[in-house]
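Visitor: Give me a model of this one.
(one chain, ligands or ions: 1)
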Amino acid sequence: MSVGECYQKQTESDLSLIKSRCNYPSPPQRNSIAFWQLLLGLDNWQIKTIRISEMQVIDDHYGDIPGHEFVGVTIDNAIRCATIYHTRSIFEDDIIHELLHVRFQDWTEEEVVNSTNKLQKLDNPKSYIAELKPIYTFK
Ligand SMILES: [Zn+2]
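Guide: Model (predicted):
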């Protein structure tokens, strides 16, 4: 998987450099990402967002023709960097969805969708997250 500049090999001591090079999204997106990052235990991750053109997106479901709305995430576990690519503005449900992909990397799309829906409605998402069993565990 290619995640641009975050894909470069870095040592632990270089992580602060990556941080300064990452393209941070502007608030309130940034606040929402920080909020869910913390809740999901991803606070030691770099989360970038990159806006792309619909013409850069090819979807199998539409016969490989470019020009589709897209929100997706690429994950680099080695340097704990995730990049959300999006062709449209992203909202809180997109952020929850993509961060769930990062936190629970073995989950199916359906599991991520179901948990996103639940988390959005909960007054206390923290206790719900605490009960989720991560299949993927961090070192
Ligand atoms: Zn998804």
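
Visitor: For stretch 77-87, which residues meet the burial criterion?
Guide: With burial defined by 16 or more other Cβ atoms under 10 Å, the residues of stretch 77-87 counted as buried are 79-87. Bear in mind the C-beta positions are built from the backbone N, C-alpha and C, glycine included.

Visitor: Pull it out as CSV, backbone CA atoms only.
Guide: Extracted in CSV, the C-alpha atoms of stretch 77-87 (Å, rounded to 0.1, in the frame of the first residue of the first chain):
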residue,chain,number,x,y,z
ASN,A,77,1.5,-0.1,10.8
ALA,A,78,5.3,0.2,10.7
ILE,A,79,5.2,4.0,11.4
ARG,A,80,1.6,4.1,12.7
CYS,A,81,0.4,6.4,10.0
ALA,A,82,-3.0,6.3,8.4
THR,A,83,-4.1,8.5,5.5
ILE,A,84,-7.8,9.1,4.7
TYR,A,85,-8.3,9.9,1.0
HIS,A,86,-11.5,11.6,0.1
THR,A,87,-13.2,13.1,-2.9
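
Visitor: Would you mind measuring from residue 56 to residue 50?
Guide: 10 Å (Cβ to Cβ, to the nearest Å).

Visitor: Report pLDDT for residue 64.
Guide: The model reports residue 64 with a pLDDT of 65.

Visitor: Would you agree residue 96 falls within a helix?
Guide: Yes. Assessed by DSSP: H, G, I helix; E, B strand; the rest coil, residue 96 belongs to a helix.
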